[in-house]
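[1] have a look at this prediction, sequence included:
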Amino acid sequence: MTVTTRYPFEVPYPEIEVDVDTFIDAISSTLQSSFLLLPRGPGFVAYLDFQQAYEVLKRRKLLEATQGKVFTLKTVDRMIENTALREFKSR
């Protein structure tokens, strides 16, 4: 026997009241984070590449902030040179 998932919008309200947890589970199991469904293709960065480059920038920014240096576009370009974001350097 195959169990078919039914959603709250497919049944009358009294049926939901009888087994509300099943309907909550049906909705919860279909929820996805839009953040994890990022666009792909030319001009878009994979999340792991972004995360790695962001960590490089964050560490460097903290270093420069403590040394009183200015954080410029040229500085960012140098920092991302060795990361997957190097193709997005300023032109």
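    Right, received. Where do you want to start? Just so it is clear, the structure is predicted and the values come from calculations on it, not from any experiment.
[2] CA only for contacts and neighbour counts going forward, please
    Will do.
[3] buried ones in the longest helix along the chain?
    Counting residues, the longest helix found in the chain (DSSP state H) is helix 47-67. Across helix 47-67, burial judged by 16 or more other C-alpha atoms under 10 Å covers 53-54, 56-57, 60-61.
[4] elements contacting whichever helix or strand comes after it?
    Using DSSP states H and E, the helix or strand that directly follows helix 47-67 along the chain is helix 73-80. Contacting helix 73-80 under the criterion 3 or more C-alpha pairs under 8 Å, 6 or more residues apart in numbering; DSSP states H and E are the following elements: helix 47-67.
[5] now the helix it packs on against helix 73-80, angle please.
    130 degrees (axes from the mean of the first three to the mean of the last three C-alpha atoms, to 10 degrees).
[6] need the contact list for residue 8.
    16, 23 (C-alpha atoms under 8 Å, 6 or more residues apart in numbering).
[7] Throw the buried residues of helix 47-67 into CSV and include distance to residue 7 and pLDDT, thanks.
    Formatted as CSV, the buried residues of helix 47-67 follow (distance: C-alpha to C-alpha, whole Å; pLDDT from 0 to 100):
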residue, distance to residue 7, pLDDT
53, 41, 80
54, 40, 80
56, 45, 79
57, 45, 76
60, 49, 73
61, 49, 69
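[8] make CSV out of those residues and add distance to residue 46.
    Formatted as CSV, these follow (distance: C-alpha to C-alpha, whole Å):
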residue, distance to residue 46
53, 11
54, 12
56, 16
57, 17
60, 21
61, 22
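[9] which one of those residues is nearest residue 15?
    Nearest to residue 15 among the buried residues of helix 47-67, counting by C-alpha to C-alpha, is residue 54 at 49.2 Å.
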